[in-house]
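A.B. asks: Return atomic coordinates for the entry below.
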Amino acid sequence: MVSTTPTRVFVARLLGLDVFDPLGDRLGRLRDVVVLSRGTQGTPHVVGLVVEVPGKKRVFVPMTRITSIDQTQIICTGLVNLRRFEQRGAETLVVAEMFDRRVTLRDGSGDATIEDIAMDQHRSRDWFVSKLFVRRGHSLSPLSRLRRNETLIIDWADAQQGPHTEPQAATQFVANHEDLKPADFAEALQEMSDKRRFEVASELQDERLADVLQELPEDDQVEILSALDVQRAADVLEEMDPDDAADLLGELPSAQAEELLQLMEPEGAEDVRRLLEYDEDTAGGLMTPVPVILPPEATVAEALAHVRREELSPALASSIFIARPPLETPTGRFLGVVHIQQLLRFPPFEALGNLVDKNLEPLSDHAHISEVARALATYNLNSLPVVNDAGRLVGAVTVDDVLDHLLPDDWRAHDGEAPIRKLGGRIG
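C.D. replies: Alright, predicted model coming up:
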């Protein structure tokens with residue numbers, strides 16, 4: 001086969017490109033490039049690509065199996081080891097670790113930051129880093145990044161790398177991955193060193209960081225939150241779903257958790273405190289205290305407007321909970337549930353009180369997780385109402401909350417099959 005690969009490509013232009021086998025079947029999407037340093041004797045050797053395959057798993061594809069690269073696609077031999085990528089000690093990830101790194105220009109004109117890297121294929125068919133696209137001037141200040149500093153393309157040898165231990169921005173990494181869903185971004189974070197993970201987390205906006213934290217294993221959540229300034233940590237907790245924030249605070253020392261609760265807005269802190277009172281194996285410990293709640297006089301049109309909200313998860317958007325005022329949890333008397341399918345079958349002006357599913361029994365806030373799972377499975381539902389002893393709605397438990405609890409603690413980092421937790425033999 002004759003390769004149509006150009007002799008030079010820039011990594012940033014390749015990110016997100018599809019990777020195909022020779023028959024045109026899509027294998028995955030390029031997420032990073034792996035290089036191996038050759039010390040002071042030469043430019044880094046490009047040893048492979050990190051490709052995201054179906055199932056959102058990232059695997060390593062050696063450059064020896066890449067037959068063609070251009071600005072629209074990447075073609076490989078089709079022989080791919082589907083074992084999850086694990087970075088080895090001497091390897092460096094271009095996007096995750098080299099972009100935004102500070103370098104000193106050897107011509108004496110000062111410092112610069114790397115914004116892109118070019119790699120060339122030599123006659124030997126091996127690939128090497130050849131050029132750096134840099135922005136002259138260096139600062140970790142967001143205001144300084146807004147300045148239009150001079151950009152230039154230089155040879156790798158014309159720049160001296162700074163030490164790996166010095167602070168490094170993450171502007172390019174965050175920008176290149178802004179299209180990733182929180183779960184996929186979280187997986188990318190897990191592949192990084194602790195230092196780089198904290199730098200990337202610090203670059204994210206509070207809302208984005210909250211979404212990503214919710215998708216990380218608990219140990220990683222605790223490490224990142226503890227590394228933040230205490231006020232910012234409280235701000236991030238406020239952006240998290242109350243049940244996820246409660247789970248995270250439950251992993252912290254009580255004094256640290258209380259300090260963060262004191263810094264949160266009182267309304268958000270109150271929701272979290274209520275959840276912390278429940279055992280983690282109960283409906284109250286699993287639920288969110290902020291489902292969609294409307295009075296019986298509300299109309300179908302109003303309900304549809306509420307469930308259209310972008311921040312609402314699909315599971316919570318599947319049901320509207322009807323209660324007497326007050327509508328904040330704990331509500332007035334709970335009346336029942338209206339399912340989203342019912343909304344689609346009635347005219348916009350129909351009152352929700354006429355559509356209530358009165359046959360669906362709410363869960364007690366002290367119901368065991370096994371009872372929650374059985375009810376969801378029995379009635380094929382995405383969410384269930386949770387009430388206290390006074391019959392007031394205190395929240396809703398969703399199927400994703402239950403799954404997250406039943407799967408092993410390390411399920412996000414697990415590569416392969418693992419048993420589901422047993423529930424004391426109470427369900428199969």
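A.B. asks: Can you list the low-confidence ranges for the stretch 51-200 of the chain?
C.D. replies: 137-149 (pLDDT under 70).
A.B. asks: repeat that for 80
C.D. replies: Scanning the stretch 51-200 of the chain for pLDDT under 80 picks out the ranges 55-56, 89, 137-149, 162-165, 191.
A.B. asks: Would you state the helices of the stretch 1-150 of the chain in chain order?
C.D. replies: Remark: helices assigned in the stretch 1-150 of the chain by DSSP state H, counting those that start in this stretch are 11-14, 142-145.
A.B. asks: C-terminal to the last one, what's the next element?
C.D. replies: Sequence-wise, the next helix or strand downstream of helix 142-145 (DSSP states H and E) is strand 151-155.
A.B. asks: That following strand: how far from the chain's middle?
C.D. replies: Its chain's C-alpha centre and that of strand 151-155 lie 33 Å apart, by CA atoms, centre = their mean, to the nearest Å.
A.B. asks: What residues of that strand count as buried?
C.D. replies: For strand 151-155, burial by neighbour count (16 or more other CB atoms under 10 Å) applies to Ile154. The way it works is simple: take the backbone N, C-alpha and C, and place the C-beta from them, glycine included.
A.B. asks: Roughly how far does the closest residue to Ala112 other than its chain neighbours sit from Pro163?
C.D. replies: Leaving aside its sequence neighbours, Ala112 sits nearest to Val134 (CB to CB, 6 or more residues apart in numbering; 3.8 Å). According to CB to CB, to the nearest Å, Val134 and Pro163 sit 18 Å apart.
A.B. asks: Pick out whichever of those two has more residues nearby.
C.D. replies: Taking other CB atoms under 10 Å, Val134 and Pro163 do not tie; Val134 has more neighbours (26 against 6).
A.B. asks: What about Lys131, how many residues nearby?
C.D. replies: 18.
A.B. asks: Mind listing what's buried along stretch 160-171?
C.D. replies: Within stretch 160-171, the residues that count as buried by 16+ other CB under 10 Å are 162, 168-171.
A.B. asks: Including secondary structure and distance to Leu209, could those residues go into TSV?
C.D. replies: Shown next, in TSV, are those (DSSP: H, G, I helix; E, B strand; the rest coil; distance: CB to CB, whole Å):
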residue	secondary structure	distance to Leu209
Gly162	coil	26
Gln168	coil	18
Ala169	coil	16
Ala170	coil	12
Thr171	helix	15
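A.B. asks: Out of these, which comes closest to Met240?
C.D. replies: When the buried residues of stretch 160-171 are ranked by distance to Met240 (CB to CB), Ala170 comes first, at 20.8 Å.
A.B. asks: pretty sure the closest one contacts Asp100?
C.D. replies: Yes. Between Ala170 and Asp100 there is a contact under CB atoms under 8 Å: 5.8 Å.
A.B. asks: ok, Pro347 - contacts?
C.D. replies: Val300 (CB atoms under 8 Å, 6 or more residues apart in numbering).
A.B. asks: How is it assigned, secondary-structure-wise?
C.D. replies: Here Pro347 is coil, with the state taken from DSSP: H, G, I helix; E, B strand; the rest coil.
A.B. asks: Do you know the pLDDT at it?
C.D. replies: For Pro347, the model assigns a pLDDT of 96.
A.B. asks: Glu280 now?
C.D. replies: 89.
A.B. asks: Phi and psi next, for it.
C.D. replies: Dihedral angles of Glu280 (phi, psi; degrees, to the nearest 10) stand at phi -70, psi -20.
A.B. asks: Counting neighbours, what do you get for it?
C.D. replies: 14.
A.B. asks: Hmm, Gly250 and it touching each other?
C.D. replies: Yes. The pair Glu280 / Gly250 is scored as a contact, 7.3 Å apart, by CB under 8 Å.
A.B. asks: This completes my enquiry, with thanks.
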